[in-house]
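Asker: need a structure here:
(4 chains)
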4 protein chains.
Amino acid sequence: MKRKLRMGMVGGGLGAFIGSIHRMAATMDGQVELVCGAFSSTSEKSKASGEALYLPPDRVYDNFEEMIIKEKALPEGERMDFVSVVTPNFMHHAPTKMALENGFPVVCDKPLAYTLEEAQEIRDLVHSSGLPFCITYNYTGYPMVKQARDMIKEGKIGKIRKVIVEYPQGWLNDRLEDTGQKQASWRTDPTKAGIANCMGDIGTHAANLAEYVTGLEITEMCADLTSFVGGRELEDDGNTLLHFNNGAKGILHASQISVGEENNLHLRVYGETGGLTWDQLEPNTLTYKTPDTVSLLRTAVGPISGSASLHTRTPAGHPEGYIEAFANVYLNFLNTLRSYLAGEEPDERFLDFPSVDEGVRGMAFIKTVVAAGKSDQKWYPYEKY
Amino acid sequence: MKRKLRMGMVGGGLGAFIGSIHRMAATMDGQVELVCGAFSSTSEKSKASGEALYLPPDRVYDNFEEMIIKEKALPEGERMDFVSVVTPNFMHHAPTKMALENGFPVVCDKPLAYTLEEAQEIRDLVHSSGLPFCITYNYTGYPMVKQARDMIKEGKIGKIRKVIVEYPQGWLNDRLEDTGQKQASWRTDPTKAGIANCMGDIGTHAANLAEYVTGLEITEMCADLTSFVGGRELEDDGNTLLHFNNGAKGILHASQISVGEENNLHLRVYGETGGLTWDQLEPNTLTYKTPDTVSLLRTAVGPISGSASLHTRTPAGHPEGYIEAFANVYLNFLNTLRSYLAGEEPDERFLDFPSVDEGVRGMAFIKTVVAAGKSDQKWYPYEKY
Amino acid sequence: MKRKLRMGMVGGGLGAFIGSIHRMAATMDGQVELVCGAFSSTSEKSKASGEALYLPPDRVYDNFEEMIIKEKALPEGERMDFVSVVTPNFMHHAPTKMALENGFPVVCDKPLAYTLEEAQEIRDLVHSSGLPFCITYNYTGYPMVKQARDMIKEGKIGKIRKVIVEYPQGWLNDRLEDTGQKQASWRTDPTKAGIANCMGDIGTHAANLAEYVTGLEITEMCADLTSFVGGRELEDDGNTLLHFNNGAKGILHASQISVGEENNLHLRVYGETGGLTWDQLEPNTLTYKTPDTVSLLRTAVGPISGSASLHTRTPAGHPEGYIEAFANVYLNFLNTLRSYLAGEEPDERFLDFPSVDEGVRGMAFIKTVVAAGKSDQKWYPYEKY
Amino acid sequence: MKRKLRMGMVGGGLGAFIGSIHRMAATMDGQVELVCGAFSSTSEKSKASGEALYLPPDRVYDNFEEMIIKEKALPEGERMDFVSVVTPNFMHHAPTKMALENGFPVVCDKPLAYTLEEAQEIRDLVHSSGLPFCITYNYTGYPMVKQARDMIKEGKIGKIRKVIVEYPQGWLNDRLEDTGQKQASWRTDPTKAGIANCMGDIGTHAANLAEYVTGLEITEMCADLTSFVGGRELEDDGNTLLHFNNGAKGILHASQISVGEENNLHLRVYGETGGLTWDQLEPNTLTYKTPDTVSLLRTAVGPISGSASLHTRTPAGHPEGYIEAFANVYLNFLNTLRSYLAGEEPDERFLDFPSVDEGVRGMAFIKTVVAAGKSDQKWYPYEKY
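Answerer: From the prediction side, this is the model:
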């Protein structure tokens, strides 16, 4: 298919964080053009955003309903090919549902929805429609994360025994939400974020990363969630012990009050014969340990895995970062979307992006960890989903 | 001006390294559209590249001459706004010159030309035409490089005494050029690269970075250039001692035979009261030392300089890399180009991109270091330019 | 008192690990002379060790009982001033008790005893006798650990919210004990090590370090202990969640099956306004973070605390390591012992060494964590002691 | 020989830096006893130091002449076995010469003497007397330095092409000598330090380390020495380019004005097939790179070389530091001394300590680098010695 794919966007107006990331990620490889959007909760802000993004006024909509209806009415060669939903959590479900019901493939930011039930509804729609769908658990897009996963699949560290995954941040050590800071405000507001703050925002990334890399599933957990900052309804810190489906043990902790930490997503996996360590702040290095050796595997250096290579854009020594990793999630979704649009079987290599099933599992994680935190039960089983 | 800027490209066909970087960098912020190109030395390859880049066939040209002539003939609302020249060194001068002579602003990869004389001709054309021109000394685009420069300007380390800049690589420790590897072949070939290999390819980046950050100029140098790998005409390693115009002393070394090194561009600057260290492989950290303290300044963390902030796309903890830094060079050029096209004075903040003067100075660096290497003179003065 | 102090040793024969450390640590500052020992379980081995240590044959004893009786019978100017007990856990109690009962001050390796009850008996003896006593929780001897503690006392990070302490090792990922390796054999043998292996050997160090630095006490915990390696009776890995007496939350994990890890004792403490990180493998750096800054505090650099300075032997840039930190524990004990021998009040600065109370608390930690691990109770209270 | 060796000391009184290091290093392994000393330039200070070191008053001497004469007169079973000379540079020659002439083996701090001529005289005395002699180029004592040397010998990196050795410090960025600080005062005073300050104090360490590890010799150099701090007679910074006897090229720089640097002695060696990097501030890691891999070799981990193992005191994960490395120099000297005293052939493994020949070569380095710095000649040959 010799044309660019046409992207529509819900949310992501001027000043938003993640919308801009989605746009850079989607367009990085030159195969996508942003063609329309409903960028904000008000018509005025949406228009201003559309103008700043060089969109023609008639493709900037007041709200997602209008966008989906009008785009659907456009001729095939003009209307958007897919929608990216980049609103706060409570606004994921409605546009996603409507887009799917109208035949539009969707990329949705995480977590998938406001409640597990909403998420399940989305899942059923995706499955029944057969439409391509992606949820942006973006950290799985890093080349060295894929390298880690491939090495584990190949048995390089043996049967996994222990998994430690951390996501400390420090930006909410104080009542930033009182200053009107937008990111802080909705995340700490249960009417917008859902039943969890820290665990929904970043704990779910950590859980997803651990399961993606190891190929294991968390089966039960013990959780200790805390709201440290006065007056905050939702937790801003959480520590958990994990049990995995192969008998492995684990620790997951996430925090917004670990002062001075940025986005220190960090993973350690230990098997019977080796260990792997990866750190999002220096994402181009994967440390591989055996009882006798420590090796630093580096993006684009030496015999890295096919999957890691496929998701690398530059030769060795050119640091690839967050936006490139995010673009890898899009890269795979977009290539799969092209197969779908062409009526062809997808290339298996490109199916490596987070699907609606990971999205639902993420919502179940949030429900589980919150319930486990409130429970006196030591080991709380993963919620059904 | 409420429209995307239209980019044409000379070179950068399928499989090329730097052309793809230029495209990602130019389009990252959504304000540029690639509209045309003459991507390869053969018409066939150029067409294949254009197709892969989703260009209409009539905007894919056989060669740069055709492109410049035909684009110039297009109506104003359609023709390219600027040209990016991303060919090997010996092919910088001709397309750049012709583009400028036909009124097109140019972004040219470094080094500016094959010889200093060619570079001077370009400079004169840029100056006489008043056209925006940018040379992609891209390492100056990193936020923490700008932070370092700003701190030095503010006197945070006092008068500079010592500068150490390094750019070791290891990829040419063997005769890679014999395998047909394209990047190796032209860089080691004096008919394509010019009088220098290592010093022209990366030594010039190191010199540019040191001068950009410190605001100083190298006035003379002592050089020891070596071709270690048998049969290689041009040097693959070089060590130099530097004198700067304020009396500071320095060391610059670059290498392609430092086995296992990727692109370890590394800068240390010591003043009377403080020191700064920056490492391209972990580019989001700037280390600031005083006699009593060591501080790690991080992209997007705390009170970083206005210039560093302006060139940062994500909040703290989202690693920005090589492509983002490269995009910052384009960002500034593009904003300046918009002012030019609108007939307005440029915004001073956006004039922070490498100009044709840095390009000529870079060519003079190459000439100087090669001459110094051959000379028995201990201190060899910087070539006039 | 113008003479060297005379040290006797129980355990620590040729080939032992910790005995040699104690000797180097005790004598590092030139104020101690090893004068006698009962180094091994057999007379022959003890003699060989004594000879290798240049001791006269009549001061090398067959067993600790003989040593204590005969040394006590020596004239005051000749007999040992104190005993270091460096045997495996099950052999701490008897020589320590007998030494104290015969008026000899004791340095005992950790954990204090085989059971909590034994430890309590030692504590009562120490308290009733008034004899100087030290237990070598040696990691508290590092200058930067003391710096961290001092900063917390001074309020540099505010009220503590979260503590993460880790002690992963990988050396027991396989059945090393089957090879006859001495260190592995006794640690995995409940008749020699007690009710815990990993938690008694290194988990107790982690708990001690966390409490020493923060000044807090663990009040209850949730524990998940595992014996991963087949046929091993005692746990070789443990993960815990902690509650502290000021409301802070924490995580402690220790492991002997984290392949490739050496002795990665690592501590993070987050308060309301700052965070501190310390890593035993790079012990001369303490990282101090505030919301806006990251500082690296270094041994002997700049305005470090009085206590950190007092426990530093070299100027900046001379890495101090494990043996020096261990020697700091001895330094403080020895200076306190000198005061005791001189009948003077001890210098408060030198009381900073782990006392019998920390020893008993460590045994209670082991009892608690093992019981918590077996319990279905989510939060298990710290054992009384 | 079943007794401790008896050490005498010249210099190293209370408050001195290096004397205390020598004492800790010599006695670390329990085979040496300090028995006498002439610790200071005044009798009073010497006595106070001797008392603090628990020496009997009759073994504390007013000056080295008295010490050597009186010790020589003591019975064999009592008198010192060797002398450690730890005075400032200008006071190395006289006591060393007199000790040797009276049959005492010597350990001398570096550089060997005040002038090359003095050093040559010492060398001749050592050679003619056959007495054991050691100069404490202590950085060669680190296990991972020995590992690097062994790997190079075994051909792990192929023929060496490039060597970069650095020793930046920052402590003299200001006129510390004006404050009466003792270390600064004599080092910057040509009547005490000799013809060089920075190059004699630390540049000589860097040169020695590079030659020790590579097995190569510097044959000529280009030097740029600077005295940055006003009124300082001797250089406080120096940059050099090096040529080695196998055709390898190199860079050596040392500095006392690189603000914020501690003792960042750092070595990189690149051969045809691999590279090695070592950093004194994290001395337990040696980085080994090939075109495809990066490995971290760690003290006591995995299959390290016999020589590295022999000079390691603790199992993996117990950081060994500066004092332990210094003690390794003594360890080898002392074992060789024992062979000498027993009239036996020395064990070859223990001959691995810096001899008088390295001492003389170090003095020739100082003479060369100072002359090269003053010369207009680009390549200045190594001084004859």
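
Asker: which other residues reach stretch A:147-158?
Answerer: A:160, A:212-215, A:267, A:269-276, A:278, A:286, A:288, A:297, A:304-308, C:259 (CB atoms under 8 Å, 6 or more residues apart in numbering or on different chains). For glycine as for every other residue, the C-beta is placed from the backbone atoms N, C-alpha and C.

Asker: out of the residues you listed, which sit inside helices?
Answerer: Using DSSP state H, the subset of the contacts of stretch A:147-158 located in helices is A:212-214, A:306-308.

Asker: switch those residues over to CSV; also include neighbour count, distance to B:Asp292 and pLDDT.
Answerer: As requested, the ones in helices among the contacts of stretch A:147-158 are exported to CSV (neighbours: other CB atoms under 10 Å in any protein chain shown; distance: CB to CB, whole Å; pLDDT from 0 to 100):
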residue, neighbour count, distance to B:Asp292, pLDDT
A:Tyr212, 20, 44, 98
A:Val213, 26, 42, 98
A:Thr214, 25, 45, 98
A:Gly306, 11, 50, 86
A:Ser307, 17, 47, 93
A:Ala308, 22, 43, 93
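
Asker: and which of the residues you listed is nearest chain B?
Answerer: Nearest to chain B among the ones in helices among the contacts of stretch A:147-158 is A:Ala308, at 15.3 Å by CB to the nearest CB.

Asker: pLDDT weak spots in the stretch 251-385 of chain A?
Answerer: Judged against pLDDT under 70, the stretch 251-385 of chain A has no low-scoring part.

Asker: which stretches in it count as strands?
Answerer: Along the stretch 251-385 of chain A, the segments classed as strands by DSSP state E, counting those that start in this stretch run A:266-271, A:275-279, A:285-289, A:294-298, A:380-381.

Asker: still on that earlier bit, so which of the ones in helices among the contacts of stretch A:147-158 also contact chain C?
Answerer: Here nothing survives when the ones in helices among the contacts of stretch A:147-158 are matched to chain C using CB under 8 Å from any CB of the partner chain.

Asker: closest one of those to chain D?
Answerer: Minimum distance to chain D across the ones in helices among the contacts of stretch A:147-158 is 13.9 Å, recorded for A:Ala308 (CB to the nearest CB).

Asker: need the contact list for that closest one.
Answerer: For A:Ala308, the contact set (CB under 8 Å, 6+ apart) comprises A:143-144, A:146-147, A:150, A:299.

Asker: flag every buried residue along stretch A:146-166.
Answerer: By neighbour count with 16 or more other CB atoms under 10 Å in any protein chain shown, stretch A:146-166 contains the buried residues A:146-152, A:157-158, A:160-166.

Asker: just how off-centre is it within its chain?
Answerer: Here the centre of stretch A:146-166 is set off from its chain's centre by 20 Å, with CA atoms, centre = their mean, to the nearest Å.

Asker: centroid-nearest residue for chain A?
Answerer: A:Tyr137 (1.9 Å; CA atoms, centre = their mean).

Asker: residues in contact with it?
Answerer: So A:Tyr137 contacts A:110, A:204-205, A:208-209, A:212, A:329, A:354, A:358, A:362 (CB under 8 Å, 6+ apart).

Asker: pull out the buried residues from the helix or strand where A:Asp124 lies.
Answerer: Counting by DSSP states H and E, the element that carries A:Asp124 is helix A:116-129. Buried residues in helix A:116-129, counted by 16+ other CB under 10 Å: A:116, A:118-123, A:125-126.

Asker: okay if I get those as JSON lines plus distance to B:Met91 and pLDDT?
Answerer: Shown next, in JSON lines, are the buried residues of helix A:116-129 (distance: CB to CB, whole Å; pLDDT from 0 to 100):
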{"residue": "A:Leu116", "distance to B:Met91": "59", "pLDDT": "97"}
{"residue": "A:Glu118", "distance to B:Met91": "57", "pLDDT": "97"}
{"residue": "A:Ala119", "distance to B:Met91": "54", "pLDDT": "98"}
{"residue": "A:Gln120", "distance to B:Met91": "58", "pLDDT": "98"}
{"residue": "A:Glu121", "distance to B:Met91": "58", "pLDDT": "98"}
{"residue": "A:Ile122", "distance to B:Met91": "52", "pLDDT": "98"}
{"residue": "A:Arg123", "distance to B:Met91": "54", "pLDDT": "98"}
{"residue": "A:Leu125", "distance to B:Met91": "53", "pLDDT": "98"}
{"residue": "A:Val126", "distance to B:Met91": "50", "pLDDT": "98"}
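
Asker: near chain C, list only the ones from those residues.
Answerer: Answer for the buried residues of helix A:116-129 near chain C: none qualify (CB under 8 Å from any CB).

Asker: closest one of those to D:Asn239?
Answerer: Set against D:Asn239, the nearest of those by CB to CB is A:Ala119 (62.8 Å).

Asker: quick one: the residue nearest to A:Arg6 when sequence neighbours are not counted from C:Ile18, how far?
Answerer: Nearest in space to A:Arg6, with sequence neighbours left out and distances taken as CB to CB, 6 or more residues apart in numbering or on different chains, is A:Val35 at 4.3 Å. For A:Val35, the distance to C:Ile18 (CB to CB, to the nearest Å) stands at 70 Å.

Asker: now the strands for the stretch 1-150 of chain A?
Answerer: A:5-10, A:32-38, A:82-85, A:106-108, A:133-135.

Asker: nearest to C:Trp186, out of the ones you listed?
Answerer: Ranking the strands of the stretch 1-150 of chain A by proximity to C:Trp186 (CB to CB) places strand A:133-135 first, at 51.4 Å.

Asker: pairing partners for that closest one, with directions?
Answerer: Each strand paired with strand A:133-135, and its direction, by DSSP bridges: strand A:106-108 (parallel).

Asker: what are the ranges of the helices in the stretch 201-350 of chain A?
Answerer: Using DSSP state H, counting those that start in this stretch, the helices of the stretch 201-350 of chain A run over A:204-214, A:306-310, A:322-341.

Asker: against A:Leu74, how distant is A:Val35?
Answerer: Distance, A:Val35 to A:Leu74, using CB to CB: 9 Å.

Asker: and these two? Which one has more around it.
Answerer: A direct count of neighbours by other CB atoms under 10 Å in any protein chain shown for A:Val35 and A:Leu74 places A:Val35 higher, at 20 against 14.

Asker: ok, now which ones touch that one?
Answerer: Contacts of A:Val35 by CB under 8 Å, 6+ apart are A:6-8, A:55, A:59, A:78, A:80.

Asker: can you redo those residues as JSON lines with pLDDT and neighbour count?
Answerer: Compiled in JSON lines, the contacts of A:Val35 are given as follows (pLDDT from 0 to 100; neighbours: other CB atoms under 10 Å in any protein chain shown):
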{"residue": "A:Arg6", "pLDDT": "98", "neighbour count": "19"}
{"residue": "A:Met7", "pLDDT": "98", "neighbour count": "23"}
{"residue": "A:Gly8", "pLDDT": "98", "neighbour count": "26"}
{"residue": "A:Leu55", "pLDDT": "97", "neighbour count": "20"}
{"residue": "A:Arg59", "pLDDT": "97", "neighbour count": "21"}
{"residue": "A:Glu78", "pLDDT": "96", "neighbour count": "11"}
{"residue": "A:Met80", "pLDDT": "98", "neighbour count": "25"}
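
Asker: quick check: the gap between the residue lying farthest from the centre of chain A and chain C.
Answerer: Residue farthest from the centre of chain A, counting by CA atoms, centre = their mean, is A:Asp292 at 35.5 Å. Separation of A:Asp292 from chain C (CB to the nearest CB, to the nearest Å): 9 Å.

Asker: now swap in A:Ala372 and tell me
Answerer: On the measure of CB to the nearest CB, A:Ala372 and chain C end up 9 Å apart.

Asker: same thing with A:Gly200?
Answerer: 19 Å.

Asker: tally of neighbours for that residue?
Answerer: As a burial measure, A:Gly200 scores 27 neighbours (other CB under 10 Å).
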